[in-house]
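Engineer: have a look at this prediction, sequence included:
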Amino acid sequence: MARKSKSKRKKEYAKLIQEVIARLDRVSQNRNVPRNIRKATTDAIDVLREESLSYGVRSSKAMSILNEIINDINMPFPTRSELLLVVGILEKIKD
């Protein structure tokens, strides 16, 4: 029984990570977003794709990268809202 719920949780985490990667990719492709913010989103995507790390570690590292830039004064408001949403999704992922 525990194995089944663990497998189900892993599938859920994989789905959440794919959603986050898609959202971050849209931000990283937006030329209206400052370069340093696009770079941070790309770095977060790279961390989330690092399969040698557990889901929780990937999530924590990506949140750390995003939290560093979330209060950047040059960030467009819609981008900040999107990144806050992404961080909220990542907070659901635990080891």
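Structural biologist: Right, received. Where do you want to start?

Engineer: show me what the worst-scoring helix or strand of the chain on mean pLDDT is packed up against.
Structural biologist: Least confident helix or strand of the chain, by mean pLDDT, DSSP states H and E, is helix 2-29 with a mean of 90. Helices and strands touching helix 2-29, by 3 or more Cβ pairs under 8 Å, 6 or more residues apart in numbering; DSSP states H and E, are helix 35-48, helix 55-69, helix 77-90. For every residue, glycine as well, the C-beta is placed using N, CA and C.

Engineer: reformat those helices as CSV; add mean neighbour count.
Structural biologist: Below are the helices and strands packed on helix 2-29 laid out as CSV (neighbours: other Cβ atoms under 10 Å):
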stretch, mean neighbour count
helix 35-48, 18
helix 55-69, 18
helix 77-90, 16
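
Engineer: out of those, which is closest to Ser7?
Structural biologist: For Ser7, the closest of the helices and strands packed on helix 2-29 is helix 55-69, at 12.7 Å, according to Cβ to Cβ.

Engineer: all good on my end, thank you.
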